[in-house]
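In: next comes the sequence, and after it the predicted model I'd like to discuss.
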Amino acid sequence: MCEIIGIGKGTRRRNWTYEEELRIVQRYLYAYSGIKRLAKEENMDYNLLNHWVHKYLDNGEDGLKPKGHPGNKFAAIHTSSDLPEIEQLRLTVAKQGNKN
């Protein structure tokens, strides 16, 4: 399943799933159709496909897998008012320790 997100007035951007990226890259590599032709068939920018191909060639299937972002573990200090005071203090101390 893909998600369409608006980025600016009148523009739309598609988020590709890992499976879609892998299928398209493998189609390019093993069916050997031209990169611009395949990108047009898949309704995508050929520069994006070229980027995926290079990531795949450099790192294999792992190059296409989403990295995931762990987020900011210190955000709880500011966002959680029901966090016990001791936990707020622990997070504050840990945050101070990370600055060094």
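Out: On my side now, so go ahead. Numbering: from 1, shown residues only.

In: so what touches stretch 21-38?
Out: W16, E41, E42, M44, Y46, L49, N50, W52, V53, Y56, E61, L64 (Cβ atoms under 8 Å, 6 or more residues apart in numbering). Using the backbone N, CA and C atoms, a C-beta is placed for each residue, glycine as well.

In: again, 7 Å this time
Out: E42, Y46, L49, N50, W52, V53, Y56, E61, L64 (Cβ atoms under 7 Å, 6 or more residues apart in numbering).

In: then stretch 43-63?
Out: By Cβ under 7 Å, 6+ apart, stretch 43-63 touches E21, L22, I24, V25, Y28, I35, K36, L38, A39, L64.

In: return the set of buried residues in the strand or helix carrying the third one.
Out: When secondary structure is defined by DSSP states H and E, I24 falls within helix 18-31. Within helix 18-31, the residues that qualify as buried are E20, E21, L22, I24, V25, Y28, counting by 16 or more other Cβ atoms under 10 Å.
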